[in-house]
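Chemist: Generate a structure from the sequence data that follows.
(chains A and B)
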Amino acid sequence: MALLEVAGLVRRFRGLAAVDGLSFTVEEGRTVAIIGPNGAGKSTAFNLISGLLRPHSGTIRLDGRDITRVPSYVRTRAGLGRTFQLVQPFHDLDVLGNVTVGALFGGTEKRGVTAARAAAAGLCEMVGLGDRMSAPVSALTIADRKRLELARALATDPRLLLLDELMEGLTPTEEREAVALLGRIRASGVTLLLIEHVMSTVRELSDHVIVMDYGKKLAEGDYATVSRDPAVIAAYLGTEEAAS
Amino acid sequence: MRRELAGWGLFFLVVAALPWLGLAADRYLMFLANVMLMFMVLALSWDVVARTGQLSLAHGAFFGLGAYTVGIAYRSAHLPPLAGLAIAAIVGAVVAIALGLVTLRLRGIYFAIATLAFAEVLRTVALQLPDLTGGNVGISMPPLFDGDRVISYYLVAGLFVLAVALSVWVRRSRMQYAVTAIRANETVAAVVGVSVVRTKIVLFAASATLAALAGAFYMPFITHTDPADAFDTSRSVAALVFPIFGGLYTTVGPVVGTILLRSLEEYLRVTPPWKDGYQVVYGLVIVIAVLFMPRGLVGLAGERLRRSPWRSSR
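Modeler: Next up is the predicted model:
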């Protein structure tokens, strides 16, 4: 049984279908990338899966359980974590406090504040924020905010982690660090589903690539197959991604 | 944590000692002390809801609901005031949960608008059901403990301790993480696993119960209530101005803000030449304070401490 199973997902905005009959599965332990031109419906698909939006039709199953109509926090506690493309830190909490929220409320097991802070501190170390744990989030660079976003999502003990353009805004060096970090997270057994524009990242990390266009799945397969697919090349033609 | 609790312990001792230090002899000062404690409860409980990012304009109305519940329990069922107090707490909690279930699922300004409307509804109901509420005239009842203001003071002080306990608990427990996340962004808080609606409803209910209890003590203390007094908007405004003046999202702030602003208001009210236009002066002081101390007195004190070289690490 697939860890994530999306079937016939439809979501319209003012009659226009942003996601239009999307179906795919993610097997446990794999890393799957969703790519596609701007406006293809990738972020809407993420918002549907994480419960920020309700689909007009279709179903979402996490480990066989139907979570289509379940609120976000229940999905999180069931093992579904996500990061946001635009980083969304909690402003009145410091770095450690931000991560602690995830450890306190998102985890599968119930923790006290002390245990949650200890778990959060470990994750801060892991993502490279160990020396900035008591810093206010306003003092963080973009790269560090991305690390914080990742640490907070990891604190919820996800089995499946949705990463929405984690590499956006990073320098090439930071990007390499992030890819290495995601490699370690994957090795720890977390299944990754990522939206990514940086093709080198997609090539390096993903076992499987799903190409979306106009709210539909255009193609899927491994990176080599998908990148040679004429339909995929046509979809990207004229956009800057075609160059990479 | 330990230092904070010790600080509050000391403050409670001072509160408990005040009647013994001559306050008990002065009926006017005892009156002010009773009302001051009730307003501290109102301010502390309002601040707890504010921490979830919600602006309540109904805390004065819950105060009035508590007052009316005790009055109606006495008038219609001949229940003693103490039984009325227990019923007022239950009524406050149940009404807050019902109101919260409807309005706290919405985000942003809707809750504030709904609470304002709620206060108006209660005022109208109080006017339109004269058989139950006495209509325009309201309800009168004999004072609690034959008008002994010292006993009343200790009862309200007990409620004040509860309000401080709620405020400190929210700040020092896992709740602090939940409310701060909710205040920053409800959507993200939910994605990180916080049960947003439930947290908001639970805290609103606890807070409204305290406000209703403050009103429930007020009724047999003043011995009369009517729609104009029970649902006076200025009490809802006080519930939010005192914490803002003292320092939002803190425990000290609402307490200090209440003491200073209530004292100032009372001083202006009885002292010439302020007497005639005291509300104008009082309003000006609040406006200036909010403009120049956006984080309240506690924020101002915090900055002083931060600048001083011998501050502790946290």
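
Chemist: And what about A:Pro158, helix, strand or coil?
Modeler: Using DSSP: H, G, I helix; E, B strand; the rest coil, the structure places A:Pro158 in coil.

Chemist: Skipping adjacent residues, who's closest to B:Pro143 in space?
Modeler: B:Thr223 (5.0 Å; CB to CB, 6 or more residues apart in numbering or on different chains). Quick note: C-beta positions are derived from backbone N, CA and C, even for glycine.

Chemist: Find the closest residue to chain A in the stretch 51-200 of chain B.
Modeler: Here the stretch 51-200 of chain B gets closest to chain A at one residue, B:Gly193, 2.7 Å apart by CB to the nearest CB.

Chemist: Could you check how many residues crowd around that residue?
Modeler: Here the count is done by other CB atoms under 10 Å in any protein chain shown, and B:Gly193 has 27 residues near it.

Chemist: For the chain, which residues score under the pLDDT cut-off?
Modeler: In the absence of a named chain, chain A is used. Where chain A drops to pLDDT under 70, the residues are A:237-244.

Chemist: Not quite, go with chain B.
Modeler: Along chain B, segments meeting pLDDT under 70 span B:304-314.

Chemist: Provide a list of residues in contact with the residue nearest to B:Pro143.
Modeler: B:Ser140, B:Met141, B:Pro142, B:Pro143, B:Gly147 (CB atoms under 8 Å, 6 or more residues apart in numbering or on different chains).

Chemist: residues near residue 103, how many?
Modeler: Since you didn't name a chain, this refers to chain A. 30.

Chemist: Chain B is the one I meant
Modeler: With other CB under 10 Å as criterion, B:Thr103 counts 21.

Chemist: The closest residue to it other than its chain neighbours is in what secondary structure piece?
Modeler: Nearest non-adjacent residue to B:Thr103, counting by CB to CB, 6+ apart: B:Ala114, 4.1 Å away. In this assignment (DSSP states H and E), B:Ala114 forms part of helix B:110-128.

Chemist: can you give me the helices in chain A?
Modeler: A:42-50, A:72-77, A:95-101, A:113-127, A:142-154, A:172-187, A:199-205, A:223-228, A:230-236 (DSSP state H).

Chemist: Dump the contacts of B:Thr223 into JSON lines; add neighbour count and secondary structure as well.
Modeler: Converted to JSON lines, those look like this (neighbours: other CB atoms under 10 Å in any protein chain shown; DSSP: H, G, I helix; E, B strand; the rest coil):
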{"residue": "B:Ser140", "neighbour count": "15", "secondary structure": "strand"}
{"residue": "B:Met141", "neighbour count": "19", "secondary structure": "coil"}
{"residue": "B:Pro142", "neighbour count": "11", "secondary structure": "coil"}
{"residue": "B:Pro143", "neighbour count": "15", "secondary structure": "coil"}
{"residue": "B:Gly147", "neighbour count": "13", "secondary structure": "helix"}
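
Chemist: Pick out the most distant pair among these.
Modeler: The distance between the two most remote of these (CB to CB) is 13.3 Å, for B:Ser140 and B:Gly147.

Chemist: For the most centrally placed residue in chain B, which non-adjacent residue is spatially closest?
Modeler: What sits nearest the mean C-alpha location of chain B, by CA atoms, centre = their mean, is B:Leu42, with 0.6 Å. Distances taken as CB to CB, 6+ apart put B:Ala239 closest to B:Leu42, at 4.6 Å, once the chain neighbours are dropped.

Chemist: and the residue of chain A nearest chain B?
Modeler: A:Gly106 (2.7 Å).

Chemist: wait, doesn't that residue sit right on A:Arg75?
Modeler: No: under the criterion of CB atoms under 8 Å, A:Gly106 makes no contact with A:Arg75, lying 9.8 Å away.

Chemist: and chain A, which residues reach chain B?
Modeler: Residues of chain A found near chain B (CB under 8 Å from any CB of the partner chain) are A:50-52, A:71-73, A:76-77, A:82, A:84, A:88-93, A:97, A:100-102, A:104-107, A:112-113, A:116, A:152-153, A:155-156.

Chemist: Buried members of these into PyMOL, please.
Modeler: Of the residues of chain A next to chain B, the buried ones go into a single PyMOL selection, burial set by 16 or more other CB atoms under 10 Å in any protein chain shown:
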select buried, chain A and resi 50+51+52+72+73+76+77+82+84+88+89+90+92+93+97+100+101+102+104+105+106+107+113+116+152+153+155+156
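
Chemist: mind checking how far the residue of chain A positioned farthest from its centre is from B:Ile286?
Modeler: Farthest-out residue of chain A from its mean C-alpha position, per CA atoms, centre = their mean: A:Thr114, at 27.9 Å. Counting by CB to CB, to the nearest Å, the separation of A:Thr114 from B:Ile286 is 41 Å.

Chemist: What of A:Thr76?
Modeler: Taken as CB to CB, the span from A:Thr76 to B:Ile286 is 42 Å.

Chemist: residues from chain B in reach of chain A?
Modeler: Going by CB under 8 Å from any CB, the residues of chain B near chain A are B:173-174, B:177-178, B:180-181, B:183-185, B:187-196, B:249.

Chemist: hmm, back to that, surely the residue of the stretch 51-200 of chain B closest to chain A is within a strand?
Modeler: No: under three-state DSSP, B:Gly193 falls outside any strand and is assigned coil.

Chemist: Next secondary structure after the helix of greatest length in chain B?
Modeler: Determined from DSSP H, the single longest helix within chain B is helix B:196-222. Downstream of helix B:196-222, the next assigned helix or strand under DSSP H and E is strand B:224-225.

Chemist: Which is the succeeding secondary structure element to that following strand?
Modeler: Past strand B:224-225, the next helix or strand by DSSP H and E is helix B:227-230.

Chemist: List the buried residues for that following helix?
Modeler: B:Pro227, B:Ala230.

Chemist: And stretch A:12-28, by the same measure?
Modeler: Buried positions in stretch A:12-28, judged by neighbour count with 16+ other CB under 10 Å: A:Ala17, A:Ala18, A:Val19, A:Asp20, A:Leu22, A:Phe24, A:Thr25, A:Val26.

Chemist: With stretch B:266-278 instead?
Modeler: Neighbour counts over stretch B:266-278 (16+ other CB under 10 Å) mark B:Glu266, B:Leu268, B:Trp274, B:Tyr278 as buried.

Chemist: and B:Ala230, how far is that from chain A?
Modeler: Shown here: B:Ala230 relative to chain A, a distance of 35 Å by CB to the nearest CB, to the nearest Å.

Chemist: what residues are up against whichever residue of the stretch 201-314 of chain B sits closest to chain A?
Modeler: Residue nearest to chain A within the stretch 201-314 of chain B (CB to the nearest CB): B:Tyr249, separated by 7.9 Å. B:Tyr249 makes contacts with A:Asp92, B:Asp47, B:Ala50, B:Arg51, B:Arg171, as judged by CB under 8 Å, 6+ apart.

Chemist: try A:Phe84
Modeler: A:Glu149, A:Asp164, B:Val188, B:Val191.

Chemist: Then A:Leu104?
Modeler: A:Arg111, A:Val113, A:Ala116, B:Arg174, B:Tyr177, B:Ala178, B:Gly193.

Chemist: neighbours of the residue nearest to B:Ala206 when sequence neighbours are not counted, just the number please.
Modeler: Nearest residue to B:Ala206, sequence neighbours excluded (CB to CB, 6+ apart): B:Leu166, at 5.9 Å. For B:Leu166, the count of nearby residues is 22 (other CB under 10 Å).

Chemist: again, but for A:Glu149
Modeler: Counted with other CB under 10 Å, the neighbours of A:Glu149 add up to 25.

Chemist: That one contacts A:Thr83, doesn't it?
Modeler: Yes: look at A:Glu149 against A:Thr83 with CB under 8 Å: they come within range, at 4.4 Å.
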